[in-house]
Structure formats: C-alpha cells, structure tokens
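A.B. asks: Below is the structure, and that's it, no one-letter string:
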C-alpha cells in the first residue's frame, strides 16, 4: 500500500492510527503524513501551551520513531478551514506518490480543525480506492462506530512511545490519552477477535 495520513495537528496521526502505521511499515508498506497546521495553541486564558517550533520538532521525532515521512504545511492551528487550495495540496500528494489508502480524522469529530481536515481529505479522495476515518479524541458529536479494524497487538508499545515524543502535550494529558487508548484498543480488539486494534470508519473501501 501507499498510505497518506492527512492530519490537522502534530500528534493526530499517533492518536488515531499510530499502531496501524507501525504495523503497515513493518509489513513493507509506504506511509506518508501531511499535517495541515503547526499545532501550536493557547489555553482559554491565553497562555501558550505548545510553540510551533516545539510541535514541529516533536512531530519529526515521532515520525522517525514510527518510520513514516512527514510534511507540515504550517497553517495556524485552531482556525483551519476547508479551502480548495488545501484540497489541491492533498491531491498533489495523492498523484505524486500513487496513494491508494487515505487516512484522516473522523468527519464528526467535535474539534473544528479535525472536522476541517476530514472534509479536505475526503474531497481529495475521488481516485483513492480506500478512505478510512479514525478517532482522535473522546469529544464527539455522535457515536464513533468503526467498521474496519487493524490489529495493533504487536505495535501498541510503539504507538505509545511515539505519543511520548510530544513532551508538553504528554505531560498535560498523557495519562488520560493512555487510559482512553488502552480502553478503546482493547474494545476494538475484542470486536475484531484480537488483543488490541485500532478502529476506522470506511468512507470508501475497495476490496482487492
């Protein structure tokens, strides 16, 4: 497979598909990521939580740990919008790299940036035979009901190790991340008949 993961922020890939990406790379598939924003953000009181420089360095470290290639477009986080220019950025990667599998955030994610990234990716997926949407967090407007599963029993530790690359975010929310991911990957594993799995909703799935 030639996989492109379209993400809104650094760490989105690791949250929704880190174990799957590690498994695919182990199996010899090629994985690229296109992250649309630099991921810097401030809390509601205006305090800087993560700087652009820190986020980009951490993303590069996580990518090196899992083995995927990453490009970051450096757009402002928290204000991502659906734009034809961004659809064209995804289309260019799809064409240049012969992408046959596209992974993006779930379209019903409550986070505005995640929703926008999903719309952008799906709009660029017309010639891509497999489009999977993944769950990034637990703030949802609807029930996330996956129908495609990837066994990550052997790559669970790699997923968590890659998440730890995001030092400031992990210090702030890592315990909740791991608890949430431990519960959901075990649940999806039970659904799929394995120990742990990541779950995806298929926007399109051509069985070959």
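C.D. replies: Cool, got the structure. Quick caveat: nothing in here was measured; it's all calculated off a predicted structure.
A.B. asks: And the lengthiest helix in the chain, what does it pack against?
C.D. replies: Counting residues, the longest helix found in the chain (DSSP state H) is helix 167-192. Helix 167-192 sits against helix 12-26, strand 48-50, helix 52-66, strand 148-151, helix 156-163, strand 197-205, with contacts defined as 3 or more Cβ pairs under 8 Å, 6 or more residues apart in numbering; DSSP states H and E. (C-beta placed from N, C-alpha, C; glycine too.)
A.B. asks: List the buried residues for the first one?
C.D. replies: Spelled out, that is helix 12-26. 12-25 (16 or more other Cβ atoms under 10 Å).
A.B. asks: can you give me the angle it makes with strand 197-205?
C.D. replies: Between helix 12-26 and strand 197-205, the angle comes out at 90 degrees (axes from the mean of the first three to the mean of the last three Cα atoms, to 10 degrees).
A.B. asks: Once you drop chain neighbours, what's closest to residue 104?
C.D. replies: residue 121 (3.6 Å; Cβ to Cβ, 6 or more residues apart in numbering).
A.B. asks: Surely that neighbour touches residue 6?
C.D. replies: Yes. Under the criterion of Cβ atoms under 8 Å, residue 121 makes contact with residue 6 at 3.9 Å.
A.B. asks: any shared contact partners between those two?
C.D. replies: 90, 102, 104 (Cβ atoms under 8 Å, 6 or more residues apart in numbering).
A.B. asks: Which among the residues you listed count as buried?
C.D. replies: 90, 102, 104.
A.B. asks: got the buried residues for the host helix or strand of the first one?
C.D. replies: Read it as residue 90. Residue 90 belongs to helix 84-96 when assigned by DSSP states H and E. By 16+ other Cβ under 10 Å, the buried positions in helix 84-96 come out as 86, 87, 89, 90, 91, 93, 94.
A.B. asks: Output the below-cut-off pLDDT ranges for this protein.
C.D. replies: 41-43, 46, 49 (pLDDT under 70).
A.B. asks: in it, what residue sits furthest out from the centroid?
C.D. replies: residue 45 (27.5 Å; Cα atoms, centre = their mean).
A.B. asks: which SS state does it fall under?
C.D. replies: On the three-state scheme (DSSP: H, G, I helix; E, B strand; the rest coil), residue 45 is labelled coil.
A.B. asks: mind listing what it touches?
C.D. replies: Per Cβ under 8 Å, 6+ apart, neighbours of residue 45: none.
A.B. asks: Distance from the chain centre to the helix holding residue 90, please.
C.D. replies: 17 Å (Cα atoms, centre = their mean, to the nearest Å).
A.B. asks: Show me what that helix is packed up against.
C.D. replies: The contact analysis (3+ Cβ pairs under 8 Å, 6+ apart) places helix 84-96 against strand 2-7, strand 30-37, strand 69-75, helix 112-123.
A.B. asks: Of the helices and strands packed on helix 167-192, which stretch is the most buried?
C.D. replies: helix 12-26 (a mean of 25; mean count of other Cβ atoms under 10 Å).
A.B. asks: And it, what does it pack against?
C.D. replies: strand 2-7, strand 30-37, helix 52-66, strand 101-105, strand 148-151, helix 156-163, helix 167-192, strand 197-205.
A.B. asks: between those, which one is nearest to residue 82?
C.D. replies: Nearest to residue 82 among these is strand 30-37; the distance by Cβ to Cβ comes to 10.8 Å.
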